[in-house]
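> below are the sequence and a predicted model; questions follow.
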Amino acid sequence: MDNEDSQDKWQIQLRKGALELVILAALRGPPVYGLAMLRHLQQFPTTAITEGTLYPLLDRLKREELVGADWIQDGDTRPRKYYRLTAKGERKFQALAASWRQSITDINALLTMPAGAPVDTQGS
Amino acid sequence: MINRHLIRAYVRALATHLHTLDQADADEVIREIEGHLHDVVDLAEERGEDLDVAALLEGFGPPQSLAAQYIAHLQHGTPPPAGFRVLHRVRLGVTRGLYYSMGGFGFSIAAALLWLALAKLFAPDTVGVWSVAGGNAYVISWSGSPQPQAEELLGWMLLPIALLAALWCAEITRRVLKVLRRGLI
């Protein structure tokens, strides 16, 4: 039971750390509104976040000028706030993605290489 | 037909907890959250599906918690340095004192101006602004001309002018209090 709790906490921490990267990655395509982005993220078990997490985070990213937002009315539908990546957001995304890939490479290497074995530092 | 009563109640509660944000920012947050909720309900109705609105709202969390995330940057934007809690308490005390005294002062002036306008309406001959001492001083009097030589200024125009001044004073006070309220967080 404790083991499961601790694994859940680890998953939450991991998700929390990667969330900004996940949102920026989801916004690299055409502008997208909150509900559509939520449905997109909920397709993947480890990025399935709630509305209460998504919207305040989008608000923060907007204040940090990493994303931009515009209200758009498509036909008879209710106006929706569409988000897009800004140039600053694109740069941040590239930096975070590179860091993420480096971490994956390093951790994968550690998973197959116990301490004491010769270390290949090629990726770092 | 899905009952949207819970959505309206949730949005109202959220609006209350967002009062420390600028009005335009708060309105935009509410508009977006409300739009999301109604979009989900509309979609369920189009598909003829039943929707648990309470479960939908659970995804957003309690209105107070959701609002707290939006105003977190106001609360944590400039945290006081460690060891300076006393300064923080003093600042909070000063802001609170300023908040209540400003509110009392501003709304009292507004109320007095409103009272002056109403008094002019009901007792036009005795209430007015008078020029005395050969135009070197002005007196607001409630009991007729303060001096035999005094000349009444404004006349009936006092009523709209006092009303507008009361509204202006109340609005300015409200805006100042809104800014000061942020310091009370």
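Nice, I can see it.

> whichever helix or strand B:Ala162 is part of near chain A anywhere?
Using DSSP states H and E, B:Ala162 maps to helix B:158-182. No: applying C-beta under 8 Å from any C-beta of the partner chain, one finds helix B:158-182 out of contact with chain A, separated by at least 15.6 Å. No exception for glycine: its C-beta is placed from N, CA and C like everyone else's.

> which strands and helices sit next to that helix?
helix B:85-122 (3 or more C-beta pairs under 8 Å, 6 or more residues apart in numbering or on different chains; DSSP states H and E).

> other SSEs contacting the helix it packs on?
Using 3+ C-beta pairs under 8 Å, 6+ apart: helix B:85-122 touches helix B:158-182.

> okay, the angle between the helix holding B:Ala162 and helix B:85-122?
170 degrees (axes from the mean of the first three to the mean of the last three C-alpha atoms, to 10 degrees).

> specify the local secondary structure of residue 74.
All of this is about chain A. Following DSSP: H, G, I helix; E, B strand; the rest coil, the label given to A:Asp74 is coil.

> any idea of the pLDDT on residue 120?
You didn't say which chain, so I picked chain A. For A:Asp120, the pLDDT comes out at 60.

> actually it's chain B I care about, not the one you picked
For B:Lys120, the predicted pLDDT is 84.

> what does A:Thr46 give?
Model confidence at A:Thr46 (pLDDT) stands at 87.

> B:Arg91 too?
For B:Arg91, the predicted pLDDT is 77.

> got it, and the one 5 residues further on?
Note for B:Arg96: predicted pLDDT of 86.

> what's the distance between it and B:Arg89?
For B:Arg96, the distance to B:Arg89 equals 10 Å [C-beta to C-beta, to the nearest Å].

> which residues does the most centrally placed residue in chain A contact?
With distances taken as C-alpha atoms, centre = their mean, chain A has A:Val22 as the residue nearest its mean C-alpha position (1.5 Å). Counting by C-beta atoms under 8 Å, 6 or more residues apart in numbering or on different chains, A:Val22 touches A:41, A:47.

> could you redo the last one with a cut-off of 6 Å?
A:Thr47 (C-beta atoms under 6 Å, 6 or more residues apart in numbering or on different chains).

> helix or strand for it, just tell me which one.
helix A:2-26.

> avg pLDDT for that helix?
pLDDT averaged over helix A:2-26 gives 86.

> which residues sit against the one helix or strand in chain B whose mean pLDDT sits lowest?
The weakest-scoring helix or strand in chain B, judged by mean pLDDT, DSSP states H and E, is strand B:151-153 (a mean of 77). Around strand B:151-153, the neighbours that count as contacts under C-beta under 6 Å, 6+ apart are B:128-131.
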